[in-house]
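Visitor: here is a sequence together with a model predicted from it:
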Protein chains: 2
Amino acid sequence: MQPSGFPVSQAITLYDVAREAGVSIATVSRVTHNQGGVRPGTRQRVLDVIEALGYFPDGAAQSMARQRKEVIGLLGMDSRSPETDLEEEGMLFGDMVQRGVEWALRDSEWSLLISLVHNYDPAGAFRRIQKIAAKVDGMLVIEGTVVANLLERLAARIPIVLIAGSTDEPHADAFSADNRGGTAALVQHLVSEHGVRRVYEIAGPPEAPDARVRHAALHEAVAGYDSVTVTGTFQGWFAAVSGQLAVQEILSRPRADRPDAIVCANDQMALGAIGALEAAGLRVPADIAVVGFDDVYSAALLGLTTVRQPMRLMGERACSRLLQRLEDPSLARHAEYLPTRLIVRQSCGCGSRL
Amino acid sequence: MQPSGFPVSQAITLYDVAREAGVSIATVSRVTHNQGGVRPGTRQRVLDVIEALGYFPDGAAQSMARQRKEVIGLLGMDSRSPETDLEEEGMLFGDMVQRGVEWALRDSEWSLLISLVHNYDPAGAFRRIQKIAAKVDGMLVIEGTVVANLLERLAARIPIVLIAGSTDEPHADAFSADNRGGTAALVQHLVSEHGVRRVYEIAGPPEAPDARVRHAALHEAVAGYDSVTVTGTFQGWFAAVSGQLAVQEILSRPRADRPDAIVCANDQMALGAIGALEAAGLRVPADIAVVGFDDVYSAALLGLTTVRQPMRLMGERACSRLLQRLEDPSLARHAEYLPTRLIVRQSCGCGSRL
DNA sequence: CTGTTAGCGCCTTCAA
DNA sequence: TTGAAGGCGCTAACAG
C-alpha cells in the first residue's frame, strides 16, 4: 500500500445529493439557488445533505448549462526576458491595470482569469491566447499583446476591450491614455525649462501601439523647435534592460555626441537607463537628464520625471465597459482617451539632487 | 433598428465545422488536436473550415468532457479598506506571490484564476470562495484568507496549497516562511546593536497564522532579555493605515512612555507608521526606530530594516507542488518553511540618515 | 480512416 | 410542490 495522499472524495454531484435526500435533482437545484416552490421540510432535508456532503455545483457544468462562464480574461504582455530575476522589479503597468480590474470586479459575480504572453515566443502565444479565450466570456487585452489579425478573429467570438492598445480596431472597445499630449508636454518642459537641445530616444517595441504613438509624438514635438534634434534612437522593448543597453550605445559614442536628455517610452527603461548611467559614473540629471512615461510606483520614489497615465483607471474603465457589453452586446463601439499629466520630479533637472 | 454592436457571431461549435466540412464531429476533434488517423486530404479540408469559421473549442465543454479544467485558483486577501485609494500603493505580498505563481505556470498549460477576498466582508467571502473553487482543479490560498472549517471542506474536494498560512492543516500542503527565526533575528539586532529596551508591537490580524507566529516569536525573543520589554501592542490588520493608527496611540501617551522601537508585523504597517511619525515631527530612527517584515519592494527604496521572506519563491514552490499533486493525488502531505533573512537598512538606526 | 454514441454535471422548461 | 427529460459542446471509446 502506498501512502495515499489526502482523502479527496470523488466529485460530489447533484445526483449524489438528490439520491441521499430522496428527491429529484431539480429540487436540489432549486434549493441550491434559493428558488421558491420547495416545501420547507424538503428544503431543510436537502440543505442538510448538502451540508453533510459539502456539495457545491461544478463550475464547468454550470457554464455549459447557462451558456455563460462568468469569467473575464486579462491578457498581459510579459516583457521580461526568461533570465530576468523578477525579484527585483517593482510594480509594472500590467500590475496597475490588474488592480483597476480587480476594483471593478470587487462586487460582481465575475472572476478574473489572468494570462501573460511572452513576447519572445510568438508561436506559443497563439495557442495560449486561444486557450484563454475558450475559458472566458470576454477579454481585456493590454497593449500590443495580440497580433492584429488574431485579435480580429477573437473579437468575432467574444467581446474584447483593448487597453493602451490601438484605438482604431473596429471590433473592440478601447481605452488608452493621451500619449500624444503627454509626450508633447514632456518635450516642451525639457526644452523650455532646461534648454535641452539634443534628445536621445529610447523607444518601445513597434508592435505596441502606445510605443508607436509616443515615438511619433516625440518626433513631432521636437520638429516644432528649430534647434532641437533627436540625436539617436534605441529600439527597446519596454524592459529595464533595454535602458541599460541604450546607455551602452550612448557611451560608446564620442563625448561630443552625447545627448542632453534621454526620453524613454516607459519608466522601466528610464530606470534601467539611470542605473546604467550612474554605474558609468555619470550624474543624472547633471550630466544627462532622463525622463520616462507611465509613472509607475517606483518612479516617485526615485525621483523620475515622467508622464502619468491613469493605469488603474484604465483597467477599471475597461473592465466596466466589458461587463456592460456582456450584459448588452448591442452597445455601439466606444473608444476613449484618458488624460495624462506631466509629473515633474528631479531626473529632468528640476529641484535639487536626484 | 438599433445601432447593433459588433458582429459577434453565434458561438461556433464542433457541429458547425463538421457540417461545413462534410465530416463527423469526431474527425474535427481529431484534427483540432493534431491526432493521427485522418487522411491528409480530409485533414486539410477540415483545417480550412476551422480557419474560415474561426473555430476553437469551448473551454467549459472541454472541462466537462475531460473532467479537468486546467485552471488553478489563487485566493488572496485584500486588506485594503474600501475607501483606500490603491493608486498609491506599491507591490504587496500577494502581488509577489502571484509573480512566483505566474513564473511556475509560464510553460505549462494551466491558467490562473484570481480572486481577492475582502476581510471586511466575511459573509460574501464564503460564496465567493466556493465560486472560485467550482471553477478550478486546485487552489493556492494565501494567508489566513479562508476560515479554517471552510478550508477543510474545500480540501475534501480539491487539492489546496497554503501559502504563508497555517502549516499544520492536515489536508493541505503548505509553504511558509521561517517567521520565528526572522523575528528573533530582528529583536536580537535591535537589542544588541541599538540597545533597544522598550519595544512597541504593531501586530497583524490574529486570524492570520503568520501574524500569530510573529506575535508569539516577538514576545518569546523579548523574554530572552532581562531588561527588554514590550510596552504595548496595537492590533493592526496588515494595512498601512494600521501603522498610522498605532502611532496615534503611541503619541497619545506621555513622552516617557514612548518606545525605543516599533516592531511591525509587516512592511505596509511599518511604512504607514514611519509616515505618521514623520508627519508628527518625530525622526526615524533618531527618535524611534521602526522595523517591518516581508521586504516588499518599496522597503528597499525607503530604507526600511526588515526581514525578507522569499515571497516570490513561496508562490513558485506552492504552485509547482499543486501541479505535482494534480498529476498524482496520492502524494504525501508536504509542509515546508522557507528561510528568512534579516535585511538591515536605516530605519533601525544603522547607517546614516533615513 | 471515419462515424456513432454515451456520457460529463447542471439548468430549465414542461408535465404531473 | 415535485419530477422527467432535453440540451449545452466536447471527448473518447467502440464500431464499422
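Guide: Cool, the structure landed.

Visitor: what ranges do the strands span in chain A?
Guide: A:71-78, A:111-118, A:138-142, A:160-163, A:173-177, A:198-203, A:229-235, A:261-264, A:289-291, A:306-308, A:335-338, A:341-343 (DSSP state E).

Visitor: of all those, which lies closest to chain B?
Guide: strand A:111-118 (5.0 Å; Cβ to the nearest Cβ). C-beta coordinates here come from the backbone N, C-alpha and C atoms, glycine included.

Visitor: ok, and for that closest one, which residues are buried?
Guide: Of the residues in strand A:111-118, A:111, A:112, A:113, A:114, A:115, A:116, A:117, A:118 count as buried by neighbour count, 16 or more other Cβ atoms under 10 Å in any protein chain shown.

Visitor: same for it, what does it pack against?
Guide: Here strand A:111-118 touches strand A:71-78, helix A:93-105, helix A:122-133, strand B:111-118, going by 3 or more Cβ pairs under 8 Å, 6 or more residues apart in numbering or on different chains; DSSP states H and E.

Visitor: apart from its chain neighbours, what residue comes closest to the residue minimising distance to the centre of chain A?
Guide: When Cα atoms, centre = their mean is applied to chain A, the residue found nearest the centroid is residue A:94 (3.0 Å). Nearest non-adjacent residue to residue A:94, counting by Cβ to Cβ, 6 or more residues apart in numbering or on different chains: residue A:76, 4.0 Å away.

Visitor: report the contact partners of residue A:96.
Guide: A:296, A:297, A:311, A:312, A:315 (Cβ atoms under 8 Å, 6 or more residues apart in numbering or on different chains).

Visitor: weed out the non-buried ones from those.
Guide: Using 16+ other Cβ under 10 Å as the burial test, those include A:296, A:297, A:311, A:312, A:315 as buried.

Visitor: ok, the fourth one touching residue A:104?
Guide: Same thing as residue A:312. No. Using Cβ atoms under 8 Å, residue A:312 makes no contact with residue A:104, being 9.9 Å away.

Visitor: turn the helices and strands packed on strand A:111-118 into TSV, including mean pLDDT and distance to DNA strand D.
Guide: Putting the helices and strands packed on strand A:111-118 into TSV (pLDDT from 0 to 100; distance: least, Cβ to the nearest atom of the strand, whole Å) gives the following:
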stretch	mean pLDDT	distance to DNA strand D
strand A:71-78	91	15
helix A:93-105	91	25
helix A:122-133	86	11
strand B:111-118	92	16
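
Visitor: for residue B:185, find the nearest of those.
Guide: The minimum distance between residue B:185 and these falls on helix A:93-105, with 30.2 Å, by Cβ to Cβ.

Visitor: tell me the angle that closest one makes with strand B:71-78.
Guide: Going by axes from the mean of the first three to the mean of the last three Cα atoms, to 10 degrees, helix A:93-105 is angled at 80 degrees with respect to strand B:71-78.

Visitor: how far out from the middle of the chain is helix A:93-105?
Guide: Put simply, helix A:93-105 sits 8 Å off its chain's centre (Cα atoms, centre = their mean, to the nearest Å).

Visitor: tabulate the CA atom coordinates of that helix in CSV.
Guide: Extracted C-alpha coordinates of helix A:93-105, given in CSV (Å, rounded to 0.1, in the frame of the first residue of the first chain):
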residue,chain,number,x,y,z
PHE,A,93,1.9,48.8,-16.0
GLY,A,94,0.1,45.5,-16.1
ASP,A,95,0.0,45.2,-12.4
MET,A,96,-1.6,48.5,-12.1
VAL,A,97,-4.2,47.7,-14.7
GLN,A,98,-4.9,44.5,-12.8
ARG,A,99,-5.6,46.5,-9.7
GLY,A,100,-8.1,48.5,-11.6
VAL,A,101,-9.8,45.5,-13.0
GLU,A,102,-10.0,43.8,-9.6
TRP,A,103,-11.5,47.0,-8.3
ALA,A,104,-14.2,47.0,-11.0
LEU,A,105,-14.9,43.4,-10.2
